[in-house]
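**Q** fold the following.
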Amino acid sequence: MAKLSILVPVTVRDEPPKTLLSLLAERPAPDIEILVAAEAETAERLDLAALGVIDSRIRIVTSPATLKTELALWSFAIEASRGDWLTLIRPADMIDTQLLAIADFVSGKLGLVDAIAWNALAISADAEPGRSSSVAIPTKFDLAELDKTEMLKAFYLWEGAGNLPKMPFGLYHGLLRREFCLSVDRSIRESGRQHDLPQWEWAARTVLMSEKLVFCSRPLSTIDGKTYRVPPTYMTRGDFPFHGGIGITAALAEIQFSVFAEMGALWSGSQENFVRACVYDCMTESDPQRFNDRCNAYYAAIRQWEGGQHAALFRPQFVGERVPDTRRGLNGNLLFVDRHIAGARDAQEFYDVIRNFLVPIGIVCGKPAETPAAAA
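**A** Numbering: from 1, shown residues only. As a prediction, the model looks like this:
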């Protein structure tokens with residue numbers, strides 16, 4: 001039985017994950033499985049079966065039934081998996097295959113851990129080549145147990161948030177213990193929720209249902225960063241005005257509200273913090289017309305929420321296209337590098353470059369660094 005399952009769900013909107021699988025195949029890690037999951041029609045159209053020859057650790061699983069949403073596809077992949085630990089990435093992302101070493105080390109040191117997270121770097125494939133911009137890479141590599149209460153406040157009360165909470169735990173670019181993962185999946189299935197924002201549904205339930213959370217400062221993956229677009233399927237409620245048709249902040253609020261409603265509790269989101277996050281979400285839009293449209297949609301929802309008493313807090317300002325950060329070199333605990341370092345075009349190539357100067361996983365797990373003589 002595999003100790004680690006890397007899940008790669010493929011939707012009708014994705015390209016075949018050939019590059020991802022080829023890069024993962026270059027990294028020996030015998031105790032993992034790479035599980036590619038799709039509907040049968042999508043698998044046939046993309047010829048996913050042909051990708052199985054890239055590596056013996058790859059399994060292609062297909063659902064003969066039509067899955068209504070991406071959330072359902074994730075559940076299908078989890079059900080088909082075999083690993084003691086599970087993580088999930090999308091076809092254009094990249095992840096380190098040595099995750100299992102960190103999971104083993106953390107378990108040996110702290111006992112039963114439900115979720116492990118790390119700094120996942122978002123790298124946009126749309127970044128213009130030749131235009132200078134920076135990516136900040138954390139240089140710290142410590143492993144630390146985080147306080148669940150602080151994570152709940154960061155996520156559900158939006159403390160210190162931008163347009164999204166600063167809470168890294170979940171299945172997407174996170175590592176979950178199998179039994180815990182299955183319990184979260186069961187809660188989603190029993191709720192009957194169906195939508196195409198699965199990473200946030202999983203984040204909401206992971207932080208709520210977990211007991212022990214561990215964070216690794218070292219980056220272990222890169223995300224194919226994309227601008228939010230209204231998903232094909234999102235959920236709305238008659239008793240709550242925010243939803244995924246407005247913006248990502250509103251989409252996450254609907255998930256939070258619904259999770260609380262399942263427990264018979266009322267979600268308020270710490271009103272001032274949440275409205276500020278809505279403002280930030282509007283200000284991420286650089287097109288004047290789309291900015292106005294988003295502001296109007298948020299303002300209408302805020303006017304409906306709790307009698308409109310928080311509407312005066314909503315004061316977004318149009319800032320247009322932001323000036324890119326062009327810093328280079330070490331600044332505190334961050335190393336600023338060129339977004340296109342060594343010609344990296346996307347998230348996968350970026351991680352393939354930076355992994356050469358990240359702290360080795362062995363050192364993260366407490367092993368002494370090799371001396372030149374030992375390495376020879």
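**Q** please identify the buried residues of stretch 150-170?
**A** Of the residues in stretch 150-170, those scored as buried under the neighbour-count criterion (16 or more other C-beta atoms under 10 Å) are 151, 153-158, 161, 163-165, 167-170. (Glycine included, C-beta is placed from N, CA and C.)
**Q** restrict stretch 195-212 to CA atoms and write it as PDB.
**A** Once side chains and other backbone atoms are set aside, the C-alpha atoms of stretch 195-212 remain, and they are given as PDB (Å, rounded to 0.1, in the frame of the first residue of the first chain):
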ATOM      1  CA  HIS A 195     -19.800  23.400  -6.600                       C
ATOM      2  CA  ASP A 196     -16.600  24.100  -8.400                       C
ATOM      3  CA  LEU A 197     -14.700  25.800  -5.500                       C
ATOM      4  CA  PRO A 198     -13.500  22.600  -3.800                       C
ATOM      5  CA  GLN A 199     -10.200  23.900  -2.300                       C
ATOM      6  CA  TRP A 200     -12.100  26.400  -0.100                       C
ATOM      7  CA  GLU A 201     -14.800  23.800   1.000                       C
ATOM      8  CA  TRP A 202     -11.900  21.600   2.100                       C
ATOM      9  CA  ALA A 203     -10.000  24.400   3.800                       C
ATOM     10  CA  ALA A 204     -13.200  25.400   5.800                       C
ATOM     11  CA  ARG A 205     -13.800  21.900   7.100                       C
ATOM     12  CA  THR A 206     -10.100  21.000   7.600                       C
ATOM     13  CA  VAL A 207      -9.400  23.800  10.000                       C
ATOM     14  CA  LEU A 208     -12.700  23.200  11.800                       C
ATOM     15  CA  MET A 209     -12.500  19.400  12.200                       C
ATOM     16  CA  SER A 210      -8.700  19.000  12.800                       C
ATOM     17  CA  GLU A 211      -7.000  18.600  16.100                       C
ATOM     18  CA  LYS A 212      -3.300  19.000  15.400                       C
END
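**Q** re earlier: helices - which of the buried residues of stretch 150-170 land there?
**A** With helices identified by DSSP state H, the entries of these that belong to them are 151, 153, 154, 155, 156.
**Q** need the residues you listed in JSON lines (columns: pLDDT).
**A** Listed next are these as JSON lines, based on pLDDT from 0 to 100:
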{"residue": "151", "pLDDT": "98"}
{"residue": "153", "pLDDT": "97"}
{"residue": "154", "pLDDT": "97"}
{"residue": "155", "pLDDT": "97"}
{"residue": "156", "pLDDT": "97"}
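**Q** Serialize those residues to a markdown table and add fields for distance to residue 41.
**A** Compiled in a markdown table, these are given as follows (distance: C-beta to C-beta, whole Å):
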| residue | distance to residue 41 |
| --- | --- |
| 151 | 39 |
| 153 | 43 |
| 154 | 40 |
| 155 | 36 |
| 156 | 38 |
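**Q** which one of those residues sits closest to residue 75?
**A** Within the set of those, residue 155 lies nearest residue 75; the separation is 21.7 Å, counting by C-beta to C-beta.
**Q** wait, the closest one sits on residue 203?
**A** Yes - here residue 155 lies in contact with residue 203, judged by C-beta atoms under 8 Å, at a distance of 7.0 Å.
**Q** can you map out the strands along the stretch 101-250 of the chain?
**A** Listed in chain order, the strands of the stretch 101-250 of the chain (DSSP state E, counting those that start in this stretch) span 115-124, 134-138, 143-146, 175-177, 213-225.
**Q** can you show me the helices along the chain?
**A** Assigned by DSSP H, the chain shows helices spanning 18-25, 40-46, 70-80, 99-110, 148-156, 178-191, 198-209, 248-262, 271-283, 288-304, 347-354, 361-364, 372-375.
**Q** for the ones you listed, give me CSV that also has distance to residue 325.
**A** Rendered in CSV, the data for these read as follows (distance: least, C-beta to C-beta, whole Å):
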stretch, distance to residue 325
helix 18-25, 27
helix 40-46, 36
helix 70-80, 32
helix 99-110, 29
helix 148-156, 24
helix 178-191, 36
helix 198-209, 25
helix 248-262, 22
helix 271-283, 17
helix 288-304, 21
helix 347-354, 16
helix 361-364, 27
helix 372-375, 35
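**Q** now do stretch 83-101: distance from first to last residue.
**A** Start-to-end span of stretch 83-101 (C-alpha to C-alpha, to the nearest Å) is 14 Å.
**Q** now swap in stretch 135-145 and tell me
**A** End-to-end distance for stretch 135-145: 26 Å, by C-alpha to C-alpha.
**Q** name the surrounding residues that touch that stretch.
**A** Residues external to stretch 135-145 that are found in contact with it (C-beta atoms under 8 Å, 6 or more residues apart in numbering): 102, 105-106, 109-110, 119, 121, 123, 212-219, 325, 330, 333-339, 341, 350, 354, 358-359, 363-364.
**Q** among those residues, which ones are buried?
**A** By the neighbour-count criterion of 16+ other C-beta under 10 Å, these include these buried positions: 102, 105-106, 119, 121, 123, 212-219, 334-337, 339, 350, 354, 358, 364.
**Q** now, which of the buried residues of stretch 150-170 sits nearest residue 281?
**A** For residue 281, the nearest member of the buried residues of stretch 150-170 is residue 163. The distance, counting by C-beta to C-beta, is 3.8 Å.
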